[in-house]
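[1] Sequence plus predicted model, see below.
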Amino acid sequence: KNIAEDLVNGLVNWAEEPPCLSELLAALQTMTCYESMATKLVNAGVVDVLLEMLKPDVHFFTEIRVLSSACCANILSFCDTAFLTDENCIDAFFYSVENFLKIVNRND
């Protein structure tokens, strides 16, 4: 297994434990600063997990939402580079874009 898949699985498995989730998201935030790691994380499905934490009907602490938003921002910073050269990443990210835009465009 690779660290990207382990981290995504950890986010899902520890979603009900805010202290653990906070630590995992902090690690994720650092990892998403690197293009090669951001690509692996997107391929592992991290965007959908992050977007789930940002949905208005899901009640997470503000810290969790801020860290999730920061991770999404880091990932989006590579849209014009890594995501244009990695076919798997393009496919993985493509399906999450609609959900991301819905969250960004909400009026609450």
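    Arrived safely.
[2] Check the offset of the helix or strand bottoming out on mean pLDDT in the chain from the chain's centre.
    Least confident helix or strand, the chain: helix 82-85 with a mean of 72, by mean pLDDT, DSSP states H and E. Distance of helix 82-85 from its chain centroid, counting by CA atoms, centre = their mean, to the nearest Å, is 17 Å.
[3] and that helix, what does it pack onto?
    Here helix 82-85 touches helix 35-43, helix 87-105, going by 3 or more CB pairs under 8 Å, 6 or more residues apart in numbering; DSSP states H and E. For the C-beta atoms, the positions are set from N, CA and C on the backbone; glycine is no exception.
[4] which other residues reach it?
    If you take CB atoms under 8 Å, 6 or more residues apart in numbering as the criterion, helix 82-85 is touched by 35, 36, 38, 39, 42, 89, 90, 93.
[5] Double-check the third one against residue 74; I have them as touching.
    Meaning residue 38. Yes: at 6.6 Å, residue 38 counts as touching residue 74 under the criterion of CB atoms under 8 Å.
[6] Settle it for me: which of the two has more neighbours?
    Neighbours were counted for residue 38 and for residue 74 using other CB atoms under 10 Å; residue 38 has more, 25 against 20.
[7] got the contact list for the more buried one?
    31, 32, 74, 75, 78, 82.
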